[in-house]
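In: coords please:
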Amino acid sequence: QQISLSYYDEAYDETPWPTSKADPAFQTSIRHAGTLVSPHRNNSALLLRIATAIDQKTPVVQALEQWREQGNQVKPSDLRCIIKKLQDSERFPHALQISEWMSSHRVYTLFPEDMASRVLLMDTVLGLKEAERFFETIPETMKDYTVYTSLLTLYTRNDDTLDKAEAVFEKMRELGFLLKPTPFNLMLSLYSPLKRHDNVNSLLREMEDNNVKPDDLTANHALLVYAAVSNIKAMEKFLSSPENQTGMGNVHRHGKGLLGVRRNGEVLSYAA
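Out: Residues are numbered from 1 along each chain as shown. Next up is the predicted model:
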């Protein structure tokens, strides 16, 4: 599950893109630049330099250095745009190189969202241990909701890191970061396949107590675990809850279908 990084989701003023032999997916993302933005129209020229470097198998940071040596400015917004586009085209090593270059040039002001993006890139390119090491180097003042949610995302992918996921979730609770459904959904995605009914109930109660409105993912995880343990009453209660009555039509239809299956005594195969 992806998290929203506000600095990586701004509107982008599209500019024409010249032909390049670079990866088609990367070319397409550049031609149809839809998110991330820069008020500087020369960013498409910089993107072309990056695409050419990738095509020629030369370091992308070399293209950035040459760009600066020629008297051009490299704006942080341009770098964030390029990182996002490289991620979208699955050029993760190149995206990480630019992220590291951005950090090494201390003339740029970095934000927690930059750290959050890099945590995810470190994991994808170098593995979980390196992502953890990088997380430990982030100043405490920079570890906001997005940074902790990135780390939680990594720990909730399988039950081998369940203890670490629970520790991060508890830290987020202490810091007052549990105000959105995403952290809860991440934990539910971990507990649901394990049929941890009590943990699911506890998370749903906490969401209700904190006035965190469940979304479709929350509902799907809850209904599946209730169905898996044949807890029809819990399913009915969840579906009838006022906060779950609006905006989740598909979930309600799915939930009622699961109820029908259980009431008829049919065996329901569990799938997270």
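
In: With adjacent residues omitted, what lies nearest to Pro93?
Out: Spatial nearest neighbour of Pro93, excluding adjacent residues (Cβ to Cβ, 6 or more residues apart in numbering): Val125 at 5.2 Å. (Glycine included, C-beta is placed from N, CA and C.)

In: Distance of that neighbour relative to Phe134?
Out: 11 Å (Cβ to Cβ, to the nearest Å).

In: do the same with Val168
Out: With Cβ to Cβ as the criterion, Val168 and Phe134 are 15 Å apart.

In: contacting residues for Glu206?
Out: Listed by Cβ atoms under 8 Å, 6 or more residues apart in numbering, the contact partners of Glu206 are 178, 184, 212.

In: go with 10 Å
Out: 173, 178, 184, 187, 212 (Cβ atoms under 10 Å, 6 or more residues apart in numbering).

In: And those, which is closest to Glu69?
Out: Leu178 (46.9 Å; Cβ to Cβ).

In: Tell me which residues touch the closest one, please.
Out: 145, 169-170, 172, 184, 187, 203, 206-207, 210, 212.

In: Out of these, who's the most crowded?
Out: Within these, most neighbours by other Cβ atoms under 10 Å means Met187, with 27 neighbours.

In: Break this structure into its domains for me.
Out: 1-109, 111-170, 178-272 (automatic domain parsing).

In: Next, the distance between the ends of the second one.
Out: Domain 111-170 stretches 23 Å from its first residue to its last (Cα to Cα, to the nearest Å).

In: what about stretch 123-133, average pLDDT?
Out: Stretch 123-133 comes out with an average pLDDT of 98.

In: Then stretch 82-95?
Out: pLDDT averaged over stretch 82-95 gives 94.

In: Give me the below-cutoff pLDDT ranges for the stretch 51-200 of the chain.
Out: Counting by pLDDT under 70, the stretch 51-200 of the chain contains low-confidence ranges at 106-107.
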